[in-house]
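Enquirer: Please find the sequence and the predicted model below.
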Amino acid sequence: QVQLVESGGGLVQAGGSLRLSCAASGRTVSSYAMGWFRRAPGKEREFVAAINWSGGSTYYADSVKGRFTIGRDNAKNTAYLQMNSLRPEDTADYYCAATGARASGSLLSLGNLYNYWGQGTQVTVSS
């Protein structure tokens, strides 16, 4: 079993930055692809970004491309989401997820691919 715990959320003004972290425990996730998803109030969950098991492939939703960067530190069993130029529409609960599937590219945007999910961290961007 893999437990995922997100941190780093908070309140920020539009144009600001936040760095979300996803700490994994229970087993190493160095062979897992990691993803970030979000759910805004009253909306369905949507894909944000993902990174494959090796870190050599990343994939982003069009809405965050160029503003968000996903990374991982396998030595720390942690994944990150650096969010810059935040907008009010980025306000949501952000969830980290992990999958053992050896997938890359757009396949990593599929929520059903992920076996493990964190509890989420709230991000609020004020205008």
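Expert: All right, it came through fine.
Enquirer: CA atoms for contacts and neighbours, from now on please.
Expert: OK.
Enquirer: Specify the beta-bridge partners of the residue most central in space within the chain.
Expert: The geometric centre of the chain, computed from its C-alpha atoms, lies nearest to W36 (C-alpha atoms, centre = their mean), at 2.1 Å. Judged by DSSP bridges, the bridge partners of W36 are A49, C96.
Enquirer: how close does it get to A14?
Expert: The spacing between W36 and A14, counted by C-alpha to C-alpha, to the nearest Å, is 20 Å.
Enquirer: next one: E89
Expert: 10 Å.
Enquirer: list the residues that contact both of those two?
Expert: V125 (C-alpha atoms under 8 Å, 6 or more residues apart in numbering).
Enquirer: neighbour count winner among the two?
Expert: Neighbours of E89 and A14, each counted by other C-alpha atoms under 10 Å, are more numerous for A14; the result is 17 against 13.
Enquirer: what's the more buried one in contact with, if anything?
Expert: S85, L86, R87, P88, V125, S126, S127.
Enquirer: By neighbours, which of these wins?
Expert: L86 (23 neighbours).
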